[in-house]
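S.K.: this one's sequence-less:
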């Protein structure tokens, strides 16, 4: 049976948790955004390697994607925090290890999203750009990459929401993000239902706002790239 104290009593008991929610939410958003940006950059590099004429590069990306997608994100988190520092005799903070693990994890999914988006662009556009005298970097910068990113916005948004929810795994290495704050609060207040209800509400609001922002972003990019469809 859950204990339901009075409103004043509950407010007093939950006050430290509510204050911790703000900092936990900031850390969750910052870590997720940082991991996503790094993962996106890594995903673009992996995409270039994936379509490279060099077989070893293509094989490396295939192996990377298979390994990452075939193992749990929790294992990546533990490897980044416990194994990597021991192997290279370095010290890594929990937040750095968490962001690195999430970035590596999401890069394996992003490269496949970008490869799928690239496949929807006709080869004629690339051939026309080369015929106009553009070099490969210019073709990627001015022709291919803007369209790839635009066409990938919906799945990239979905990937970011998955990443944000996966950021709760950082609690296993003591990063003070939202799930960690909630877990600690349940131990201190003995009000798990109230604490996790508030935590779930915060996650829902965050993800709802991200989805709404994605739709706005997609409409604006659509106006910038009217022939992107």
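M.R.: That came in fine, so what should we check first? Remember, predicted model here, so these are calculated numbers, not experimental data.
S.K.: any chance you could map the helices in the protein?
M.R.: 7-50, 55-69, 73-78, 84-88, 94-119, 123-131, 136-139, 145-151, 153-166, 178-189, 192-224 (DSSP state H).
S.K.: so what secondary structure elements neighbour the fifth one?
M.R.: Judged by 3 or more C-beta pairs under 8 Å, 6 or more residues apart in numbering; DSSP states H and E, the packing partners of helix 94-119 are helix 7-50, helix 55-69, helix 73-78, helix 84-88, helix 145-151, helix 153-166. From N, CA and C alone the C-beta is placed, and that goes for glycine too.
S.K.: Tell me the gap between the second one and the middle of its chain.
M.R.: In this case it means helix 55-69. Centroid displacement of helix 55-69 relative to its chain, using C-alpha atoms, centre = their mean, to the nearest Å, is 20 Å.
S.K.: got the angle for that helix vs helix 7-50?
M.R.: Going by axes from the mean of the first three to the mean of the last three C-alpha atoms, to 10 degrees, helix 55-69 is angled at 160 degrees with respect to helix 7-50.
S.K.: Can you give the contact residues for helix 55-69?
M.R.: Contacts to helix 55-69, defined as C-beta atoms under 8 Å, 6 or more residues apart in numbering, come from residues 46, 49-52, 76, 104-105, 107-109, 111-112.
S.K.: Can you say which of the helices of the chain is nearest to residue 172?
M.R.: Nearest to residue 172 among the helices of the chain is helix 73-78; the distance by C-beta to C-beta comes to 6.0 Å.
S.K.: Please identify the buried residues of the closest one?
M.R.: Buried residues in helix 73-78, counted by 16 or more other C-beta atoms under 10 Å: 73, 76-78.
S.K.: Likewise for stretch 21-35?
M.R.: Those would be 21, 24-25, 27-29, 31-32, 34-35, for stretch 21-35 by 16+ other C-beta under 10 Å.
S.K.: Can you tell me which one of those carries the smallest pLDDT value?
M.R.: Among the buried residues of stretch 21-35, residue 21 has the lowest pLDDT, at 88.
S.K.: picking that back up, give me the buried entries from the contacts of helix 55-69.
M.R.: 46, 49-50, 76, 104-105, 107-109, 111-112.
S.K.: Go through the buried residues of helix 73-78 and say which is closest to residue 176.
M.R.: Distances from residue 176 to these, taken by C-beta to C-beta, are shortest for residue 77, at 14.9 Å.
S.K.: I'd assumed residue 98 was in contact with that closest one.
M.R.: Yes - using C-beta atoms under 8 Å, residue 77 is in contact with residue 98, at 6.4 Å.
S.K.: quick one: common contacting residues for the two?
M.R.: By C-beta under 8 Å, 6+ apart, the residues touching both residue 77 and residue 98 are 169-170, 173.
S.K.: Who wins on neighbours among the residues you listed?
M.R.: When neighbours are taken as other C-beta atoms under 10 Å, the top entry among those is residue 170 (29 neighbours).
S.K.: Who are the contact partners of that residue?
M.R.: 31, 77, 94-95, 98, 102, 177, 179-180.
S.K.: Let me know whether residue 78 touches residue 98 as I believe.
M.R.: No - shown here, residue 78 and residue 98 do not form a contact pair, counting by C-beta under 8 Å, at 10.7 Å.
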